[in-house]
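Undergrad: pasting a predicted model and its sequence here:
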Amino acid sequence: MTRYHVYDCPTNGTTGQDCGAFALAALPERLRAAIAAEPNAGEWTLPALSGGDHGEALDDLTIRIVAE
């Protein structure tokens with residue numbers, strides 16, 4: 001079973017945060033949608049959102065997802 005490792009990546013070059021590895025079903029809907037749109041990519045980068053992943057896009061942080 002494929003797991004997806006999620007990282008918070010600041011755009012200012014500082015070290016990001018390892019958020020852990022999850023099954024596809026455990027990821028938020030928008031992350032699952034990005035993976036479904038390009039299932040063979042192996043890695044996906046999306047803007048981080050404020051408000052617990054429900055608000056506006058943040059200019060200083062991205063989310064990187066890597067298939068394991």
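TA: Sure thing, it's come through. Numbers count the residues shown, from 1 in each chain.

Undergrad: and R32, what is it in contact with?
TA: Neighbouring residues of R32 by Cβ atoms under 8 Å, 6 or more residues apart in numbering: 24-25. Any C-beta I mention is one placed from the backbone N, CA and C, and that applies to glycine too.

Undergrad: repeat that for A21.
TA: A21 neighbours (Cβ under 8 Å, 6+ apart): 3-6, 68.

Undergrad: in strands only, show me those.
TA: Using DSSP state E, the members of these that fall within strands are 3-6.

Undergrad: number of nearby residues for the nearest residue to S50 once chain neighbours are set aside?
TA: With Cβ to Cβ, 6 or more residues apart in numbering as the criterion, S50 has its nearest non-adjacent residue at 5.4 Å, and that residue is E56. E56 is surrounded by 9 other residues when neighbours are defined as other Cβ atoms under 10 Å.

Undergrad: cool, and I63?
TA: Using other Cβ under 10 Å, I63 has 22 other residues around it.

Undergrad: which parts of the helix or strand harbouring it are buried?
TA: For I63, the element it lies in under DSSP states H and E is strand 57-67. Judged by neighbour count using 16 or more other Cβ atoms under 10 Å, the buried positions of strand 57-67 are 61-63, 65, 67.

Undergrad: for stretch 25-33, same thing?
TA: Applying a neighbour-count criterion of 16+ other Cβ under 10 Å, one finds 27, 31 buried in stretch 25-33.
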